[in-house]
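Visitor: Quick one: sequence plus predicted model below, questions after.
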There are 2 protein chains.
Amino acid sequence: MQSKIINKDALKALPELPDESIDLIFADPPYWMRVNGVLERVEGTSYDGCEDSWDNQFSTLEEYESFTRQWLRECKRVLKKDGSIWVIGSMQCIYTIGGIMQQLGYWFINDVIWHKANPTPNFRGTRLNNSHETLIWAAKSDKSRYTFNYKTAKELNFDSVTFEEHKKGVRKQMGTVWKIGICQGKERLKEESGQKLHSTQKPEELLYRIITVSSMPGDVVLDPFGGTMTTAAMAKKSGRRYIMIEKDESYCRYGQERIDNITPHIGEIEKGVFDVPPPKVKFADMIKAGYFHEGETFYLKSNGETAVLKSNGKLLYQGEEIDMHACAARAKNSRAKRLNGFNYWCVKRNGNYVSIDEIRNEYREKECASQKDD
Amino acid sequence: MQSKIINKDALKALPELPDESIDLIFADPPYWMRVNGVLERVEGTSYDGCEDSWDNQFSTLEEYESFTRQWLRECKRVLKKDGSIWVIGSMQCIYTIGGIMQQLGYWFINDVIWHKANPTPNFRGTRLNNSHETLIWAAKSDKSRYTFNYKTAKELNFDSVTFEEHKKGVRKQMGTVWKIGICQGKERLKEESGQKLHSTQKPEELLYRIITVSSMPGDVVLDPFGGTMTTAAMAKKSGRRYIMIEKDESYCRYGQERIDNITPHIGEIEKGVFDVPPPKVKFADMIKAGYFHEGETFYLKSNGETAVLKSNGKLLYQGEEIDMHACAARAKNSRAKRLNGFNYWCVKRNGNYVSIDEIRNEYREKECASQKDD
DNA sequence: CACCCTTTTGAATCTGTCT
DNA sequence: GAGACAGATTCAAAAGGGT
């Protein structure tokens, strides 16, 4: 499918998309803020938060629920079976949305908190300063094998790893609370008048994370409420395709210009190389190819226990023939039934202990070159 | 109403409580996690999260929705018209709960993120490390004048203010993302065997914040799913009354002992003194009492503009008799129609400029002593 | 008592592929 | 679809023990 902007209402455009054609959806639906009139700052300047007719088009909760159910049902239809969807919302709408998603059979992977580094203060002091928005990340069903670039996410995680630690090679699991600043400055699209074009433009960093963590290059990303086209901009930048739906003609115009100015940069993060699994290797094949010899001794790194290799790839340990992984667990006296043997066993080469994982890497480089290029 | 523990099922006990009798509810319902089998750590130990049969009592989403609707409807009934409710949940349940709350007419004040300082990691790398839970804070209706101790919250806010800054007097609005560690160590209740008593005991700090920020001393706090009685413990500690519902007899027993060991500490935070408004003062009364004199000159702090006091409390400025607050705005050339005149006007006393706000404070101390003790 | 090292543990929708 | 089996996967805090 070709990347494109569709200048139509979401409920008109979605039904025209084919079944199971989309890898990833990002949706930033109308929030239904229920604010009327103008909120005034104490100093007298009015606060231009979100007074779009966009957000106030619903007069009852039932209407909003019905609208939500319609677009979410269409999104489920167009999603590939292993595809996933992100929906962003605030307190006013995300619970209604999430409840309906579960009723429709979406399978939640995570909910993610966008913790705003620089939230708008609460001028009235009538409640807690609203400093986050919520994203729901869901698969099409509980059977989905959704894309999650676990190690890429670790590379991108600066929420629980400082820059200094990251430089030194520290990597930790990415969590569900993301601290990201709101969209402002040069990133924020302005009209000729200097007025901001869109009242809730999302930060590029947010979309960049979402796209690189939950899709692969070439994937098709759909955004049914395109707005300023942040999703398309980040999709193009990271080598994904995009389908953007947006009913406002002027958003489409400004957005197209924005996209045209993007130069793709497809590096390691964008390719997801950290998550491309190395070719699988059968232990028996490595023995056949002469990388290990029947009868040679295997040494356990940590405690010096030894075992003897059999021709079928199993190990002889204390008189028993055991699978290498189970044997590692046994010899290490672990409570686990199995450990990854490649992480524990060594052999002797030229008088030095060498990890069998290193030997597997050699084997991969020499024997699996063709597979790697697939 | 007397503080008490009711050893019954929530759906049995709630209907027996009188209408509009509760100031604050904290509810920690079953999350219905839908966990299957045993999750093992690499070392072979099994992760003991929540295998509670209580959590697994539902077989369909409809059943869970029905249960949720029932207890939430009862909670709304027993809540006073200006009362509010907190509900905690995770991704598996909070959207269902929130959606139903809106259908029942609850009015959302905030949703709050409990950002766990030390979350359970994801052992398998299958998704983002789940590092938060969500709380919904809602009023009984959009007409409610719920309790929110705004300044007390500022005192308690260490999420966006460091301890050093706080010591220097820096106070910032409390936000909706709260970083609090999970309950572990000595705080965690254990059985005689040393086993944890309850699989999901909540940290005291979380309940302490909730209670001090959204209730006042003497208020009645209800917890329909009492568990280890953390809510009661923090309610007693901060001088609130409590009604705890818990069907498990052993939780009630251990919980009662826990509560008995609590000594109330009712200091400034617990009393909410930062939020108790000072007695209202009529400007005309201060003139009558001789704190200001007809015809004396009022000076604007910032730019030296002057006005003259009339006996009715208004100011003569550029030939016009204007209300003191509007006059401050006019004299300061502000875009606002009114400013708080007490923050801007000065008079001369013994040759020095003195803020009229200071004089109001003197007046309060001397003339409103009796009111203050109310 | 301070410091260091080891062990334990926490509301979790926690594997993929081939036979 | 069930079962076998190969192989990949964790972080912070508190307690406890040793020096």
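Guide: Looks like it arrived, so ask away. Residues are numbered from 1 along each chain as shown, chains lettered A, B, ... in the order given.
Visitor: all strands for the stretch 251-374 of chain A, in order.
Guide: Counting by DSSP state E, counting those that start in this stretch, the segments of the stretch 251-374 of chain A that form strands are A:297-300, A:306-309, A:315-317, A:320-322, A:345-349, A:352-355.
Visitor: Likewise for the stretch 1-150 of chain A?
Guide: Ranges of strands in the stretch 1-150 of chain A, per DSSP E, counting those that start in this stretch, are A:4-6, A:22-27, A:79-89, A:107-116, A:132-139.
Visitor: okay, these in JSON lines with mean neighbour count, mean pLDDT and distance to chain B next?
Guide: (Glycine included, C-beta is placed from N, CA and C.) Below are the strands of the stretch 1-150 of chain A laid out as JSON lines (neighbours: other CB atoms under 10 Å in any protein chain shown; pLDDT from 0 to 100; distance: least, CB to the nearest CB, whole Å):
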{"stretch": "strand A:4-6", "mean neighbour count": "17", "mean pLDDT": "98", "distance to chain B": "29"}
{"stretch": "strand A:22-27", "mean neighbour count": "24", "mean pLDDT": "98", "distance to chain B": "15"}
{"stretch": "strand A:79-89", "mean neighbour count": "22", "mean pLDDT": "97", "distance to chain B": "10"}
{"stretch": "strand A:107-116", "mean neighbour count": "22", "mean pLDDT": "98", "distance to chain B": "4"}
{"stretch": "strand A:132-139", "mean neighbour count": "24", "mean pLDDT": "98", "distance to chain B": "5"}
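Visitor: who's in contact with stretch A:318-332?
Guide: Applying CB atoms under 8 Å, 6 or more residues apart in numbering or on different chains, the external contacts of stretch A:318-332 come out as A:283, A:298, A:300, A:302-303, A:305, A:307, A:310, A:313-315, A:317, A:334, A:336-341, A:343-345, B:44.
Visitor: DNA strand D contacts on the stretch 1-150 of chain A?
Guide: Contact residues (CB under 7 Å from any atom of the strand) of the stretch 1-150 of chain A with DNA strand D: A:Tyr150.
Visitor: just to revisit the earlier point, what's the PyMOL syntax to select whichever of the contacts of stretch A:318-332 are buried?
Guide: Of the contacts of stretch A:318-332, the buried ones can be selected in PyMOL as follows, counting by 16 or more other CB atoms under 10 Å in any protein chain shown:
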select buried, chain A and resi 283+298+300+305+307+313+314+315+317+334+336+338+339+341+344+345
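Visitor: Which ones among the contacts of stretch A:318-332 map onto helices?
Guide: A:Phe283 (DSSP state H).
Visitor: For the residue of chain A at minimum distance from DNA strand C, give me its contacts.
Guide: Among all residues of chain A, A:Phe108 sits closest to DNA strand C, at 3.2 Å; criterion: CB to the nearest atom of the strand. Contact analysis of A:Phe108 by CB under 8 Å, 6+ apart lists A:98, A:101-102, A:136-139, B:91-92.
Visitor: And the helices in the stretch 51-200 of chain A?
Guide: A:61-78, A:94-103, A:150-156, A:163-167 (DSSP state H, counting those that start in this stretch).
Visitor: tell me which residues of the first one are tucked away?
Guide: Along helix A:61-78, these residues count as buried under the neighbour rule (16+ other CB under 10 Å): A:64-65, A:67-69, A:71-72, A:74-78.
Visitor: Looking at the residues you listed, spot the one nearest DNA strand D.
Guide: For the buried residues of helix A:61-78, the nearest to DNA strand D is A:Lys76 (20.6 Å; CB to the nearest atom of the strand).
Visitor: residues in the stretch 151-300 of chain A within reach of DNA strand D, list them.
Guide: Counting by CB under 7 Å from any atom of the strand, the stretch 151-300 of chain A comes close to DNA strand D at A:151, A:154, A:160, A:171-173, A:277-278, A:280-283.
Visitor: Mind picking the one among these that's closest to A:Lys236?
Guide: Closest approach to A:Lys236 among those (CB to CB): A:Lys151, at 23.7 Å.
Visitor: one step back: so which of the strands of the stretch 251-374 of chain A is the most surrounded?
Guide: The highest average neighbour count among these, using mean count of other CB atoms under 10 Å in any protein chain shown, belongs to strand A:315-317 at a mean of 20.
Visitor: Any chance of JSON lines for the strands of the stretch 251-374 of chain A, columns mean pLDDT?
Guide: Output for the strands of the stretch 251-374 of chain A, formatted as JSON lines (pLDDT from 0 to 100):
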{"stretch": "strand A:297-300", "mean pLDDT": "94"}
{"stretch": "strand A:306-309", "mean pLDDT": "94"}
{"stretch": "strand A:315-317", "mean pLDDT": "94"}
{"stretch": "strand A:320-322", "mean pLDDT": "91"}
{"stretch": "strand A:345-349", "mean pLDDT": "94"}
{"stretch": "strand A:352-355", "mean pLDDT": "92"}
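Visitor: nearest to B:Gly267, of these?
Guide: That would be strand A:297-300 among the strands of the stretch 251-374 of chain A, by CB to CB, at 59.0 Å.
Visitor: can that closest one be found next to chain B?
Guide: No - Strand A:297-300 does not reach chain B (CB under 8 Å from any CB of the partner chain); its nearest approach is 15.8 Å.
Visitor: Give me the packing partners of that strand, helices and strands only.
Guide: For strand A:297-300, the packing partners by 3 or more CB pairs under 8 Å, 6 or more residues apart in numbering or on different chains; DSSP states H and E come out as strand A:306-309, helix A:324-331, strand A:345-349.
Visitor: do you know which of the strands of the stretch 251-374 of chain A lies nearest A:Leu17?
Guide: Closest approach to A:Leu17 among those is made by strand A:352-355 (50.0 Å; CB to CB).
Visitor: Contact residues of the stretch 1-150 of chain A facing chain B?
Guide: By CB under 8 Å from any CB, the residues of the stretch 1-150 of chain A that approach chain B are A:42-45, A:61, A:91-92, A:94-103, A:108-113, A:115, A:119, A:121-122, A:125-132, A:134, A:136-137, A:148, A:150.
Visitor: where does the stretch 101-250 of chain A have low pLDDT?
Guide: Across the stretch 101-250 of chain A, nothing is flagged by pLDDT under 70.
Visitor: Including distance to B:Trp32, could the strands of the stretch 1-150 of chain A go into CSV?
Guide: Formatted as CSV, those follow (distance: least, CB to CB, whole Å):
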stretch, distance to B:Trp32
strand A:4-6, 39
strand A:22-27, 26
strand A:79-89, 21
strand A:107-116, 12
strand A:132-139, 17
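Visitor: Next, the buried residues of stretch A:1-14.
Guide: Residues of stretch A:1-14 classed as buried by neighbour count (16+ other CB under 10 Å): A:5-7, A:10, A:13-14.
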